[in-house]
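Novice: please find the sequence and the predicted model below.
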Amino acid sequence: MTVTEYEPKIVGFLCNWCGYAGADLAGTSRLSYPTNIRIIRVMCSGRVEPAFILNAFENGADGVLVAGCHPGDCHYRSGNQHAEKRIEKTRKLLDLVGIGSDRLRLEWISAAEGEKFASVIKDFTEKLRVSGPSPLGKELVVEPVQHKATESIYDILKRTGALYCQECGKCSSSCPITRLDPLYSPRLAVEKALMGLENAVLTDKGLWSCLTCYLCRQRCPLDIEYDELIRSCRAKASANGILGNCSHEGVLYSLSRLMANPEPIQNRLGWVPQGAEIAKAGDVLYFAGCLPYFDVVFDDMGVKHIEIAQSMLKILNAAGIKPVLMENERCCGHDLSFTGDMSNFEKLAKMNIAAIKKSGASTVVTNCPECYRTLKVDYAELFGKPKFEVMHASEFLTDLIDNGKIKFTGKLAKKVSYQDPCRLGRHMGVYDAPRKVISSIPGVELVEMERNREGALCCGVSAWMGCGRHSKQMQIERLAEAKGTTADLLVTACPKCQIHFNCTLSEKMPVKKEEVAIETCDLSVLVARALNLTQTPNVVEMIKNE
Amino acid sequence: MSEKPSVLVIGGGIAGIQASLDLAGRGFQVYVLDETPTIGGRMAQLDKTFPTMDCSICILAPKMMECYRHPNIKLLTYSELKEVKGSVGNFQVKILKKPRFVDETKCTGCGVCAEHCPIEVPNDFDMKLGMRKAIYMPMPQAVPRMMTVDRENCIECKLCTKVCRAGAVDFTQQSQDVELNVGAIIIATGFDQYDPSEIIEYGYQKHRNVLTALEFERWVCASGPVGGHLLRPADGGIPKKVAFIQCVGSRSRKFGTPFCSSVCCMYATKEALIIREHAPDVQVYIFYNELRVFGKGFQEFVNRARDEYGVKYIRSRPGEIREEPTKSLSIWYDDTLTREIKSLNDVDLVVLCPALVPRPGNKKLAEIMGIELDDCGFFKVTHPLFAPVDASVQGIFVCGYCQSPKDIPDSVAQASAAAARAAEALAMVQAQRLGGR
């Protein structure tokens, strides 16, 4: 496509009362303006989620216009104020992901401002003509569905060992979701599949309730790979157009899919503090994962996860390691692979493997257990064992401590409990490393929750699938268990666990806050704190301030 | 070959005892090898038998004594097999007789030494629930009735030497090499209990009110650690609710074993009846996977437990057992018939029915004798249908649980079969020697 042929495509989300009425007036007034806009009417500009906008870009938009009522004129009092915040957030995301915030415009257009509407469109079209087409190019091309989606249910049952099922009910009585929502159970899912009720399996809402937390598989005497079974069935369902309820309107999947497009160049290294030593090529690569995105998406929850990456970087530097940080590192694809989007997952995997190879790294360190599992197991499954070793931060820190590369000088008088992330613990069998790291900090006392290690309770959400009542119940239950240990601090080794716990702690809940309020902290941040490399605000105090 | 054709029987449990008595009765010389200080094996540990509800030791002890007294049987207890050479009709066997540090010709088994011994250690015979002394007899009905010094735990205070009126304690005793020449060998090493502590969700060895089935047999046995009372192990309280969990480690592809242990459905029912007979107000639950009660009178036995004794059968493998602050337990399960997921609370005692597995020592035995084991550790036979007791070397036979999972009557029947096959092999050798064929 040459530049002369390029006609910008604009998706306009117009509020029913002002923006849309303004456009209507422009029409009835016979004003002429470029035909580049496709209008979607929404009841309020405040309804426009970041996900809608990202989706528009995914589907080929070169620019997005959101138009609402002037401040103070919102027909729902404050919808446009929400819109402003959301657009601000989305701009940040667009800059991060490499589409550019100039392609998103928020305008206040009243019902009387037909002319303003016409001129905004003219101006925006001209600007987009200058900036050129969206870096995503044409509409997202989705490759043909992958093997996991074309497999028959019987083959899935066979591959995952589910044909051995004795229907003993150990899985269902272990499942934390089934206990709260008896409509879903791993046993019933297998039972339906065994009866050959393919439709029933694929359309079952419960298919998307599963946390793939591995507890059923851990306990199943027949070693049925439920997590894999669910993942494969989801791939099959999504290939048939059946999708689950994604939390946050799927904004995180959109981001992952956008990263699966090879064209945009991300700006994801803005978090690296000045003076930090990083390399473009070298032995150790730090895979930051989606941490830079989390802080933007969850800014209203006060998530400051970039501190995890910063802490890890400081620790690595303190240990004399100058890690490789990839400028265009992409999402590992975990969430896509566990929600059935195998095709984009494979694209991400391919590009990440190539980029890591190019860096010459022999060790890849990740803070996120999902990245850890995906890079280590799922990539290997797709493309064979890679030449680099994947280590979770907890394992790498253990090595650093064992080899005397980092030394704790001060004391950190804290009673600490530890949440085993499902991907790190049950999926990957890493239980000891994080505990070793915690215990090696002078002054820190590790107190275990009743359900720990293999039996740990999941944080309630995985792969950003449907966070609902049951997730909240699980989180409250788990936080209460942590609080019951009399620990001051709940340490996790998974940024997502921490987001989920903090989310619950920042919301209204059916129990008294003091029964569950406990400060959460990532393992790497704890270590950085103990090494006097960083300070962390106290979550418990934050809650009291509200 | 000694004057009389002879047979070595490895294992002094009910299968070994039956095979020995059969052969001895036919005039063969029999040597019974057992690694423990007494014969009796697993059956001696049981409280009762199914489906007849006989007192186990009451029907076993006479057979043990018969073995001891039989002129054609020699007991080699507290001994180990070291070497086997030769072939059918002429096996040269080396056995290590471990020192008891007690003169077998003098000890009367009066037990005064144990009364004075200051050292207490958990008794293996009582599944480590009860204690014994460093000089000990594993059980009151031990055969041979004789004390043994456990040198690992003995502090050599020699108090036993002083108090023994027979002067039987002898700390200078050395291990003895015994060399035998036997025509055939019968293996009857029985089973071991799978250790369910790796199935962490059941909390075995973490929750004190969780026992294994064999532990429970000792726990309620009149000769057991608490004198046959039904108590909560954690605090000695009186239980009101007891639950059994079947298939713990059996029929599994991950933990334990792939096979069905074949006796658990029945012994759990038996133990449930024992409980109801002890205390009729105790509620008993059996969490089963499939009720595999295939023997004669077995289904009727279960029906009786259900209908007459009110034992509640729930089709489920529970997901987890959690301990309440009172040490009572709650069992989370999916009732797979009603599809309800719920918890059974305030359970005072949970009895796990672990897989019964071939003894780990079988591997060494198989190496010594040059015979084969199957993947699970059972001794292989030359044909599963038509030669169910013939091991992979001629002249060596297997019977009882070490051949495949089975209960007491089947073990006894197979022991007689093995004895008959051994006799046949010996007769064949004899006939060849006499110039036949």
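Specialist: Sure, I can see it.
Novice: and the helices in the stretch 201-350 of chain A?
Specialist: A:215-219, A:226-239, A:251-259, A:291-297, A:306-318, A:334-337, A:342-359 (DSSP state H, counting those that start in this stretch).
Novice: in the last one, what's buried?
Specialist: Which is helix A:342-359. By neighbour count on 16 or more other C-beta atoms under 10 Å in any protein chain shown, the buried set for helix A:342-359 is A:342-353, A:355-356, A:359. To be clear about C-beta, it is placed using only N, CA and C from the backbone, and glycine gets the same treatment.
Novice: what comes up buried for the lengthiest helix in chain B?
Specialist: For chain B, the helix with the greatest residue count under DSSP state H is helix B:408-433. The neighbour-count check on helix B:408-433 (16+ other C-beta under 10 Å) flags B:408, B:410-412, B:414-423, B:425-426, B:428-429 as buried.
Novice: tell me which of the helices of the stretch 201-350 of chain A sits nearest to chain B.
Specialist: With C-beta to the nearest C-beta as the measure, helix A:215-219 is the member of the helices of the stretch 201-350 of chain A nearest chain B (5.6 Å).
Novice: how about the closest one and chain B, touching?
Specialist: Yes. Contact of helix A:215-219 with chain B (C-beta under 8 Å from any C-beta of the partner chain) involves residue A:219.
Novice: who in chain B is up against chain A?
Specialist: So far as C-beta under 8 Å from any C-beta goes, chain B lies against chain A at B:199-201, B:247, B:249, B:251-256, B:289-290, B:315-320, B:322, B:332-336, B:339-341.
Novice: same thing but at 7 Å, please
Specialist: Counting by C-beta under 7 Å from any C-beta of the partner chain, the residues of chain B lying close to chain A are B:200-201, B:251-255, B:289, B:316-320, B:332-334, B:336, B:341.
Novice: which stretches in chain A count as strands?
Specialist: A:10-15, A:37-42, A:63-68, A:104-108, A:284-287, A:363-366, A:389-392, A:414-419, A:444-446, A:489-492, A:519-522 (DSSP state E).
Novice: give me the buried positions along the second one.
Specialist: The reference is to strand A:37-42. A:37, A:42.
Novice: what about residue A:273, neighbour count?
Specialist: 12 (other C-beta atoms under 10 Å in any protein chain shown).
Novice: where does the stretch 101-250 of chain A have low pLDDT?
Specialist: The stretch 101-250 of chain A contains residues with pLDDT under 70 at A:137-149.
Novice: interface residues of chain A facing chain B?
Specialist: A:164, A:166-170, A:172-174, A:178-179, A:182, A:187, A:219, A:221-223, A:454-455.
Novice: so of the residues you listed, which ones are in helices?
Specialist: Those of the residues of chain A next to chain B lying in helices (DSSP H): A:170, A:172, A:173, A:174, A:178, A:179, A:187, A:219.
Novice: low-confidence stretches in the chain?
Specialist: Unless you meant another one, I'm taking chain A. In chain A (pLDDT under 70), the answer is A:1-4, A:137-149, A:535-546.
Novice: should've been chain B
Specialist: B:1-3, B:436-437.
Novice: please enumerate the helices of it.
Specialist: Using DSSP H, helices in chain B cover B:14-25, B:41-45, B:56-69, B:112-116, B:159-163, B:213-220, B:264-278, B:298-307, B:362-369, B:408-433.
Novice: distance from the chain centre to the longest helix of chain B, please.
Specialist: 23 Å (C-alpha atoms, centre = their mean, to the nearest Å).
Novice: swap in stretch B:125-145?
Specialist: 14 Å.
Novice: now swap in stretch B:247-264 and tell me
Specialist: Distance, centroid of stretch B:247-264 to centroid of chain: 18 Å (C-alpha atoms, centre = their mean).
Novice: need the contact partners of that stretch.
Specialist: Contacts to stretch B:247-264, defined as C-beta atoms under 7 Å, 6 or more residues apart in numbering or on different chains, come from residues A:164, A:166, A:221-223, B:194, B:196, B:198-199, B:202, B:246, B:289, B:292, B:317, B:352-357, B:376, B:405-407.
Novice: list buried residues within those residues.
Specialist: A:164, A:166, A:221-223, B:194, B:196, B:199, B:202, B:246, B:289, B:292, B:317, B:352-357, B:405-407.
Novice: just the ones of the residues you listed in strands?
Specialist: Those of these lying in strands (DSSP E): B:246, B:352, B:353, B:354, B:356, B:357.
Novice: from those residues, which single one is nearest chain A?
Specialist: Nearest member of these to chain A, counting by C-beta to the nearest C-beta, is residue B:246, at 9.5 Å.
Novice: would you list the ones in helices among the residues of chain A next to chain B in CSV and tack on neighbour count?
Specialist: Below are these laid out as CSV (neighbours: other C-beta atoms under 10 Å in any protein chain shown):
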residue, neighbour count
A:170, 29
A:172, 30
A:173, 28
A:174, 27
A:178, 26
A:179, 21
A:187, 26
A:219, 26
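Novice: columns distance to residue B:174 on top of these, output as JSON lines?
Specialist: Below are those laid out as JSON lines (distance: C-beta to C-beta, whole Å):
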{"residue": "A:170", "distance to residue B:174": "53"}
{"residue": "A:172", "distance to residue B:174": "60"}
{"residue": "A:173", "distance to residue B:174": "57"}
{"residue": "A:174", "distance to residue B:174": "55"}
{"residue": "A:178", "distance to residue B:174": "63"}
{"residue": "A:179", "distance to residue B:174": "62"}
{"residue": "A:187", "distance to residue B:174": "60"}
{"residue": "A:219", "distance to residue B:174": "51"}
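Novice: return the closest of those residues with respect to residue A:57.
Specialist: Nearest to residue A:57, judged by C-beta to C-beta, of these is residue A:178 at 38.6 Å.
Novice: which residue packs closest to that closest one, ignoring adjacent ones?
Specialist: residue A:185 (4.2 Å; C-beta to C-beta, 6 or more residues apart in numbering or on different chains).
Novice: please apply the same query to residue A:106.
Specialist: Closest to residue A:106 by C-beta to C-beta, 6+ apart is residue A:87, at 4.4 Å.
Novice: report the contact partners of the one you found.
Specialist: A:66, A:104, A:106.
Novice: just to revisit the earlier point, just the buried residues of the residues of chain B next to chain A.
Specialist: The buried subset of the residues of chain B next to chain A (16+ other C-beta under 10 Å) comprises B:200-201, B:251-252, B:254-255, B:289, B:316-320, B:332-334, B:336, B:341.
Novice: how many other residues sit next to the residue lying closest to residue B:256 once chain neighbours are set aside?
Specialist: Of all residues not flanking residue B:256 in the chain, residue B:249 sits nearest, at 2.5 Å (C-beta to C-beta, 6+ apart). For residue B:249, the neighbour count with other C-beta under 10 Å is 24.
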